[in-house]
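J.: need the 3D shape of this:
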Amino acid sequence: MTALAPEKPEEHGEPGAPGAPEADGRPGAAGVGALARAYAERVRGGELGVLPAVLGLVVLCAFFAILRPVFLTELNFANLLTQGAGSIAIAMGLVFLLLLGEIDLSAGYASGVCAAVLAILLTDHGWPWYGAVAAAMLTGVAIGLLLGTLVAKIGIPSFVVTLAAFLGFQGIVLILLKEGTNISIEDRTILAIANNNLSPALGWVLLAVCVAAYAAVQFRANSNRRARGLAGAPPALLALRLSTATVLGGLAVYLLNQERSRNVIVDSLKGVPIVVPVIGALLVIGTFVLQRTSFGLHIYAVGGSAEGARRAGINVAFIRVAAFVICSAMAAVGGIIAASRGNSVDPNTGGSNVLLLAVGSAVIGGTSLFGGRGRVIDAVLGGMVVAVIQNGMGLMGYSSGVKYAVTGSVLLVAAGVDALSRRRAAQR
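T.: Below is the predicted model of the structure:
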């Protein structure tokens, strides 16, 4: 007996999905218009996916661009991509837990603990950067293993476990940093992660590789569907997807390759920030794990029905522990990025609003708080929405209090949309 994993997002109404329209009854004959009507029907049925996040991102960008034209400058665009990278990395890990209907309230301070381990080993003990990074990542894995065991094996609710860890890790950060010491990071490799850029030529090469890889994945998936006798996407749709990715990526690389320095004589500042391909690589890996492996399908199955998954032979406890490990490992990545961006580690690293922004990024992007629905890309889209709000309102001169209030309101709206869409889907 095998678990019935939920359909992947791209299968709903896509060519080859059950009930997908076909123009003349032959596999692979579905037209673009028929696919558009099927997508509209899914939206009316409550399957919104990333649509709210994308629309929100477009509206917010247009709003701030009109009120503050400086929002569209190359320098501000680069800042948008870097300022939210740490929270986005943590949000990617939280997606795995939210899919199970679990939560990790300690992810922010877990990133702070890992960042403190990194800084201490680099500065106080003279470790090479790769050894310090490995130790920070192993710290994150150990944290996830501990939390996951308490939740999955002992049976303590994740809210209670991670709330206790939230307080405990805050204390550990203070102990490691000797009650408030600021540890500066001088390792050039670590500092380069969030502060340096790729060369303009390397940015174009990276774009070409990404577009080629995306095209290969699309055509291979389409060929596999046709080989199994299922309907494939029409060539016009494949061309639209590929051209859209190429145009948007090309525009982004072009803007980032422009000179952003206010004083070129002192320092040149142009190129794609290094943290962008780092986040891109994590996105590809996370998406592959969730949508192309049995482990990922088991996560969706457990999130949909833990009891049904258990009866189907899935090791539910292992899945939960593994999800906590992934979440804390991604928190370690977020801590490393934060340490790089701040050039140091202090007791506030991983604290303040880091956790709230990370959870908000995942939920605003479309990951459900109720489990069973979401993708890693939700964290990226939601993180960009949060970054745009923070950045745009900062340019308009609003205080931190107003930023928090607006971000909280957007999070509440996203949670409400999720609840309403689930209710509508259940009714249909």
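
J.: my guess is residue 88 meets residue 379, correct?
T.: Yes - using CB atoms under 8 Å, residue 88 makes contact with residue 379 at a distance of 5.7 Å. Bear in mind the C-beta positions are built from the backbone N, C-alpha and C, glycine included.

J.: common neighbours of these two, please.
T.: Common contacts of residue 88 and residue 379, defined by CB atoms under 8 Å, 6 or more residues apart in numbering, comprise residue 361.

J.: the two: who's more crowded?
T.: In this view residue 88 and residue 379 are compared by other CB atoms under 10 Å, and residue 379 has more residues nearby, 33 against 30.

J.: how close does the more buried one get to residue 168?
T.: According to CB to CB, to the nearest Å, residue 379 and residue 168 sit 25 Å apart.

J.: do the same with residue 200
T.: 46 Å.

J.: between these two, who's got more neighbours?
T.: residue 200 (17 against 13).

J.: confidence score at the residue nearest to the more buried one when sequence neighbours are not counted?
T.: Using CB to CB, 6 or more residues apart in numbering and skipping residues adjacent in sequence, the residue nearest residue 200 is residue 257, 4.1 Å away. On the pLDDT scale, residue 257 is placed at 91.

J.: report the contact partners of residue 257.
T.: By CB under 8 Å, 6+ apart, the contact list for residue 257 reads 200, 203-204, 270-272.

J.: in CSV: those, plus distance to residue 141 and pLDDT.
T.: Formatted as CSV, those follow (distance: CB to CB, whole Å; pLDDT from 0 to 100):
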residue, distance to residue 141, pLDDT
200, 37, 91
203, 32, 93
204, 36, 95
270, 37, 88
271, 33, 90
272, 30, 92
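
J.: tell me which of these fall in helices.
T.: 200, 203-204 (DSSP state H).

J.: and of these, the nearest to residue 318?
T.: Nearest to residue 318 among these is residue 203, at 40.8 Å by CB to CB.

J.: and residue 66, how far from residue 74?
T.: For residue 66, the distance to residue 74 - CB to CB - is 18 Å.

J.: check residue 295 too.
T.: Between residue 295 and residue 74 the computed distance is 40 Å (CB to CB).

J.: all helices for the stretch 1-150 of the chain, in order.
T.: 32-44, 51-67, 74-83, 85-99, 107-119, 129-149 (DSSP state H, counting those that start in this stretch).

J.: quick one: closest of the ones you listed to residue 209.
T.: Closest among the helices of the stretch 1-150 of the chain, using CB to CB: helix 74-83, at 18.5 Å.

J.: pull the residues that contact the closest one.
T.: 70, 194, 197, 252, 255-256, 258-260, 269, 273, 275-276, 341, 384, 387-388, 390-391, 395.

J.: how about residue 354: what's its closest non-neighbour residue?
T.: Per CB to CB, 6+ apart, closest to residue 354 is residue 108, 3.9 Å.

J.: residues contacting residue 316?
T.: Contacts of residue 316 by CB under 8 Å, 6+ apart are 152, 302, 306, 309-310.

J.: out of those, which are buried?
T.: Buried members of the contacts of residue 316, scored by 16 or more other CB atoms under 10 Å, are 152, 302, 306, 309.

J.: what about these, which are in helices?
T.: Per DSSP H, the subset of the buried ones among the contacts of residue 316 in helices is 302, 306, 309.

J.: all strands for the stretch 151-300 of the chain, in order.
T.: With DSSP state E, counting those that start in this stretch as the criterion, the stretch 151-300 of the chain has strands at 183-184.

J.: can you name the residues that contact the nearest residue to residue 53 once chain neighbours are set aside?
T.: Leaving out its chain neighbours, the residue that sits closest to residue 53 by CB to CB, 6+ apart is residue 381, at 4.2 Å. By CB under 8 Å, 6+ apart, the contact list for residue 381 reads 50, 53-54, 57, 364-366.

J.: for residue 263, see how far away residue 381 is.
T.: 35 Å.

J.: next: residue 63.
T.: 31 Å.

J.: for residue 229, grab phi and psi.
T.: As for residue 229, its main-chain torsions (degrees, to the nearest 10) stand at phi 80, psi 20.

J.: count of residues packed around it?
T.: Residue 229 has 9 nearby residues by other CB under 10 Å.

J.: what do you get for the one 4 residues further on?
T.: The number of residues packed around residue 233, counting by other CB under 10 Å, is 24.

J.: re the thing from before, out of the helices of the stretch 1-150 of the chain, which comes closest to residue 214?
T.: Going by CB to CB, the one of those nearest residue 214 is helix 51-67, 17.5 Å.

J.: now do that closest one: distance to the chain's middle.
T.: Offset of helix 51-67 from its chain centre (CA atoms, centre = their mean, to the nearest Å): 19 Å.

J.: for it, packing partners?
T.: helix 354-365, helix 376-395, helix 400-427 (3 or more CB pairs under 8 Å, 6 or more residues apart in numbering; DSSP states H and E).
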